[in-house]
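Q: pasting a predicted model and its sequence here:
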Amino acid sequence: MSKDLTVAILGATGAVGTRLIQQLADSTIPVGQIKLLASSRSAGETRQFRGQDVVVEEATNDSFDGVDLVLASAGGGVSKKFLPEAVKRGAVCVDNTSAFRMDPEVPLVVPEVNEQALYQHKGIIANPNCSTIQMVVALEPIRAAYGLNRVIVSTYQAASGAGQSAWNELDREAQEHLDGQEMHAEILPTKGDKKHYPLAFNLLPQIDVFEDDGYTHEEWKMIHETKKIMLGDMDAPDIKVTATCVRVPVAVGHGESVYFEVADDSATTPELQQKLADAPGVTLQDDPDHQIYPQPILAEGSRETFVGRVRPDQENKGAFNMWVVSDNLLKGAAWNTVQIAERLVADDLVRVP
């Protein structure tokens, strides 16, 4: 596609939205016009795009007239309200909310894993959950080479994964604690639940609400999104997946302890490390002798997924552990969204079927 595109960012003033602006500015997408859309509270504010001031507009249905591409991160309800309307008006939408992820008609895409799913889009493409994205980026080169039977993941997820307000709450609580004051929690573990607990100097083994089976919805998402991305079916039995998701007092950058069992149990640790080192989007940081391993504080601001601590399970042949870290606001959100859009442009798919 050679023509310049009119691109709208829906939710342009949030933590992910501001990063969408930056990632789009640094992308290969030929942007002729940019529209920054948000709620009425943010309308009139200005943001910079490629050195130019752009006024934020209140999102309405008419905002999408003449728009080719929409990048959305304004919450599931907002996406459900506006994106079908944007498609009707000719736009292709990449959505960074949970609104359409499990819709069988909507591709759920991580470009390093299942770019081919973009060819089935019907106007909306879903960006997966941040914790799922980095895990499947790390697992895909292993699955492709050796098969994958089972995944057990425990996550260590940053406050910013719950939004700017949760990030602000962590900072406030930390200062309250250091000042000898009582910490007041109003948001975490999840704003929609009955009780709230401080995250500063604490760990919260709840991300999102609890389902009837005792899993949180975040854990449910990791299980079923992994299957949909890798196998094309959210309930596929071929790979067994289970998750425990924990919020930790880190600002940016999710960590994950990933245990996995491969189908070809002749696989060795050096072979896995080489596959990871060669994989797109992955940076291998795995030198225990020199204490080199991924850390959230070092991953912040990077588009890469960092992998280290690759080692065999001494009790089970064909089973391994690894440690995976990524900036949840970039690869886990804004960059993966823009990366999808880049592939749509490159593959001439910025058109509603």
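A: Thanks, I have the structure now.

Q: so where is the protein shaky, pLDDT-wise?
A: 1-2 (pLDDT under 70).

Q: all helices for the stretch 51-200 of the chain, in order.
A: 76-88, 111-114, 130-146, 164-178 (DSSP state H, counting those that start in this stretch).

Q: again, but for the stretch 201-350 of the chain
A: Using DSSP H, counting those that start in this stretch, helices in the stretch 201-350 of the chain cover 217-231, 269-278, 296-299, 335-346.

Q: which residue is the nearest non-sequential neighbour of residue 198?
A: Closest residue to residue 198 apart from its sequence neighbours, by CB to CB, 6 or more residues apart in numbering: residue 183 at 3.9 Å. C-beta: built from backbone N, CA, C; applies to glycine.

Q: got TSV for the helices of the stretch 51-200 of the chain, with mean neighbour count and distance to residue 262 too?
A: Below are those laid out as TSV (neighbours: other CB atoms under 10 Å; distance: least, CB to CB, whole Å):
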stretch	mean neighbour count	distance to residue 262
helix 76-88	18	35
helix 111-114	20	17
helix 130-146	24	4
helix 164-178	17	36
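
Q: distance to residue 154 added to those, as JSON lines?
A: Formatted as JSON lines, those follow (distance: least, CB to CB, whole Å):
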{"stretch": "helix 76-88", "distance to residue 154": "26"}
{"stretch": "helix 111-114", "distance to residue 154": "21"}
{"stretch": "helix 130-146", "distance to residue 154": "11"}
{"stretch": "helix 164-178", "distance to residue 154": "20"}
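
Q: so which of those comes closest to residue 314?
A: Nearest of these to residue 314, taken as CB to CB: helix 130-146 at 18.5 Å.

Q: what sits against residue 177?
A: Contact partners of residue 177, counting by CB atoms under 8 Å, 6 or more residues apart in numbering, are 183, 198, 200, 201.

Q: thought the last one was touching residue 250?
A: No - in this structure, residue 201 is not within contact of residue 250 by CB atoms under 8 Å, at 12.0 Å.

Q: which of these two has more neighbours?
A: residue 250 (21 against 11; other CB atoms under 10 Å).

Q: tell me how far that one lies from residue 157.
A: According to CB to CB, to the nearest Å, residue 250 and residue 157 sit 8 Å apart.

Q: now swap in residue 292 and tell me
A: Distance from residue 292 to residue 157, by CB to CB: 23 Å.

Q: so those two - more neighbours on which side?
A: Taking other CB under 10 Å, residue 292 and residue 157 do not tie; residue 157 has more neighbours (24 against 12).

Q: identify the bridge partners of that one.
A: residue 247 (DSSP bridges).

Q: that one: what's it in contact with?
A: Contacts of residue 157 (CB under 8 Å, 6+ apart): 130, 131, 207, 218, 245, 246, 247, 248, 254, 255, 328.

Q: neighbours of the third one, how many?
A: The reference is to residue 207. Neighbour number of residue 207 under other CB under 10 Å is 25.

Q: got the domain ranges for this protein?
A: With domains defined by automatic domain parsing, the chain comprises 5-128+333-346, 132-327.

Q: tell me which of these lies nearest to residue 353.
A: Across those, closest to residue 353 is domain 5-128+333-346 (CB to CB), at 5.8 Å.

Q: make CSV out of the domains of the chain and add distance to residue 353.
A: Shown next, in CSV, are those (distance: least, CB to CB, whole Å):
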stretch, distance to residue 353
domain 5-128+333-346, 6
domain 132-327, 19
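
Q: residue 135 against residue 222, yeah?
A: Yes - in this structure residue 135 lies within contact range of residue 222 using CB under 8 Å: 7.2 Å.

Q: how far off centre is stretch 179-197?
A: How far stretch 179-197 lies from its chain's middle: 24 Å, per CA atoms, centre = their mean, to the nearest Å.

Q: contacts for it next, please.
A: 159, 162, 165-166, 169-170, 172-173, 176-177, 198-200, 204, 206-209, 247.

Q: in the chain, which spans are strands?
A: 5-10, 31-38, 46-49, 52-55, 57-58, 69-72, 92-95, 124-126, 150-157, 240-247, 254-261, 282-284, 305-312, 319-326 (DSSP state E).

Q: and those strands: which comes nearest residue 140?
A: Judging the strands of the chain by CB to CB, what sits closest to residue 140 is strand 282-284, at 9.0 Å.

Q: outside of the closest one, which residues touch it?
A: 112, 137-138, 141, 273, 276-277, 302, 304-308, 310.

Q: same question for stretch 135-144.
A: Contacts for stretch 135-144 (CB under 8 Å, 6+ apart): 110, 112-113, 128, 148, 151, 153, 222, 226, 229-230, 239, 256, 258, 260, 262, 267, 272, 275-276, 278-279, 281-282, 305, 307, 322, 324, 326, 331.
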